[in-house]
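# Give the three-dimensional model of this entry:
(2 chains)
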Amino acid sequence: MIRYIKIVVFGICLIPLGILLSKFFGPHPFDMSGWGLGLGANPVEALEHGFGDWTLRFLLVTLSITPLRKLLQVPSLIKFRRMMGLFAFFYGCAHFTTYLWLDKFFNLHEILLDVAKRKYITVGFTGFVLLIPLALTSTAGWIRRLGGKRWLALHRLIYAAAIAGVIHYLWLVKADIRKPLEYGAVLAVLLGYRVVVWWMALAKRRPMPVASTEVVTGR
Amino acid sequence: MLIKNASDIRSSEITPQNVYLNRRKFLTGVAVAGAAAVAGRGIKELMLPSMRASAGQKIDGIQKSALSTTEKITPYNDVTHYNNYYEFSTEKEEPASLAKDFKTRPWTVKIDGAVKKKLEFGVDDVIKFATPEERIYRHRCVEGWSIVVPWVGYSLSELIKKAEPLGKAKFVEFITKYAPNEMPGQRREVLQWPYVEGLRMDEAMHPLALLCFGMYGEALPNQDGAPLRLVIPWKYGFKSAKAIVRIHFTDSQPMTSWNLANPPAFGFYSNVNPNVETYHSQAYERRLGEFRPRQTQMFNGYDQVAGLYSGMDLKKNY
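Below you'll find the model as predicted:
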């Protein structure tokens, strides 16, 4: 059953990609006179921002799996966490590729200047780089090799990556910070949940200094 | 049925037909073959019916200008559906629809401050003060995109001369419309409202500085700054204030909206300068409709203004 749901969810996660690309290439693929049809006057910008938005959304979805499975008492949701995380990485790659290729046309000088000097690029790039080890170690084999605790510790990098992603957006807008703040508010709730869980576990542990697995499972 | 006045096409003289035959004609999916046979305005009106509501009336007696560029003109539909006009929305696709009911008549323009004659005109009188010229200018946004637009207007200096500024008038401040009931973007404090821009007196008197009331041979659409706006082609787009209601002469540098919002990113001068990183790198730009970025030119290619800034450190005074 879960297998079939997974296939359906996988397909759904590809819909944003399908919409963005079909609009970018238009009804006449490879006919460059129609490029960008449907993405407005500046299709490259729209594609880049679209991929960036979906990266943030999938990061937030990934981070909401644990709270949701606890609060809704649907433990099987955990089976979708890796897929959501990998889709976040996938859209992050698409966003980064659009930047490198269509935005900068592989102009290395400009790109290095961007990463080094433009703080919104620095922080966004950092967030993206943080996701790479998480994607690489997302397999069951890597969980075994690293050991559960170490693997969990490593994968807490997603908190930093998501924060970096929101800051990237916040620093990038010229004046209207409403949208990045919306992402930031959702992220704050999701991270706040973890702080509460962690704090409660700590409070429980204090009178009884025997190590428990609460910290791990409470994540 | 929509094709009217196909005989009095003016814009086709200045606009290569292929510019209008852009991808947008597929958007409505109508009359592709038929439309291709009709140049200029006919196709423009076929493309999007909603455009006709905001597009203005034809302007008569437009003179060509030696200040115009011969570069390929950006499609009308891009210039009217990709607008940084925060009074309506911070999303560039939205002013086209949100500005539809914006009232541009009656409209009064006040000229005051350090002038011999304080003046007040209806905008239709202002438009008639000088012969309308078509100025095809490059227009570069600080966000890194650019367009080429056939604006219609006359040199700002013509209007300024009427007010006879006093010697102490060193700067001109342009105060724009404040009407939160008509301009939904003004209901949020994204920028300081009303939007204020400013120029140094000699910048304002430069013949390139355009007082603009039309584009593509017609009155300005609301989302492009109707009824009266500035076009300062050697500066980033936000310096070209839209929907102007008051022109104020002063002895001190005006506090401008973007400068107040983020002083390190948006300087008072904001001349197009590929060597100064402001809000981000300004070395390249994307011309709307083009696939590859192109290099940004100093003063957006308007070298004739360089003299205004001789002796100034443009890295400091950006």
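
# Going by C-alpha atoms from here, please, whenever you check contacts or count neighbours.
OK.

# now stretch B:105-122, how far from the centre of its chain.
In terms of Cα atoms, centre = their mean, to the nearest Å, the gap separating the centre of stretch B:105-122 from the centre of its chain is 21 Å.

# Run through who's touching it.
Counting contacts by Cα atoms under 8 Å, 6 or more residues apart in numbering or on different chains, the residues outside stretch B:105-122 that touch it are B:123, B:162-166, B:168-169, B:227, B:244-251.

# Wasn't B:Arg286 part of a helix?
No: when classified by DSSP: H, G, I helix; E, B strand; the rest coil, B:Arg286 is found to be strand rather than part of a helix.

# Write down the beta-bridge partners of it, one by one.
B:Trp145 (DSSP bridges).

# what helix or strand is the closest residue to A:Leu20 other than its chain neighbours on?
Nearest-residue entry for A:Leu20: A:Leu47, 6.5 Å, with adjacent residues in sequence omitted and distances by Cα to Cα, 6 or more residues apart in numbering or on different chains. Taking DSSP states H and E as the definition, A:Leu47 sits inside helix A:43-71.

# buried sites along that helix?
By neighbour count, and taking 16 or more other Cα atoms under 10 Å in any protein chain shown as the criterion, the buried residues in helix A:43-71 are A:43-68.

# repeat for stretch B:259-271
By 16+ other Cα under 10 Å, the buried positions in stretch B:259-271 come out as B:Asn259, B:Ala265, B:Phe266, B:Gly267, B:Phe268, B:Tyr269, B:Ser270, B:Asn271.

# got it, and stretch A:147-155?
For stretch A:147-155, burial by neighbour count (16+ other Cα under 10 Å) applies to A:Trp151, A:His155.

# Quick one: distance of it to the chain centre.
Centre to centre, stretch against its chain (Cα atoms, centre = their mean), the figure for stretch A:147-155 is 19 Å.

# Could you check how far A:Cys13 is from A:Ile158?
Counting by Cα to Cα, to the nearest Å, the separation of A:Cys13 from A:Ile158 is 19 Å.

# Quick check: which ranges of the stretch 1-150 of chain B have low pLDDT?
B:1-55 (pLDDT under 70).

# show me the contacts for the residue most central in space within chain B.
With distances taken as Cα atoms, centre = their mean, B:Val231 lies nearest the centre of chain B, 4.5 Å away. Counting by Cα under 8 Å, 6+ apart, B:Val231 touches B:Ala209, B:Leu210, B:Leu211, B:Cys212, B:Gly237, B:Lys239, B:Ser240, B:Ala241.

# Check A:Ile177 too.
Applying Cα under 8 Å, 6+ apart, the residues contacting A:Ile177 are A:Leu170.

# Need the buried ones from the contacts of stretch B:105-122 selected in ChimeraX.
A single ChimeraX command is used to select the members of the contacts of stretch B:105-122 judged buried by 16+ other Cα under 10 Å:
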select /B:123,163,165,169,227,244,245,246,247,248,249,250,251
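
# and the contacts of stretch B:105-122, which of them are in strands?
Among these, the ones falling in strands (DSSP state E) are B:Ile244, B:Val245, B:Arg246, B:Ile247, B:His248, B:Phe249, B:Thr250.

# Dump the residues you listed into a markdown table; add distance to B:Pro194 as well.
As requested, the ones in strands among the contacts of stretch B:105-122 are exported to a markdown table (distance: Cα to Cα, whole Å):
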| residue | distance to B:Pro194 |
| --- | --- |
| B:Ile244 | 10 |
| B:Val245 | 10 |
| B:Arg246 | 11 |
| B:Ile247 | 13 |
| B:His248 | 14 |
| B:Phe249 | 17 |
| B:Thr250 | 18 |
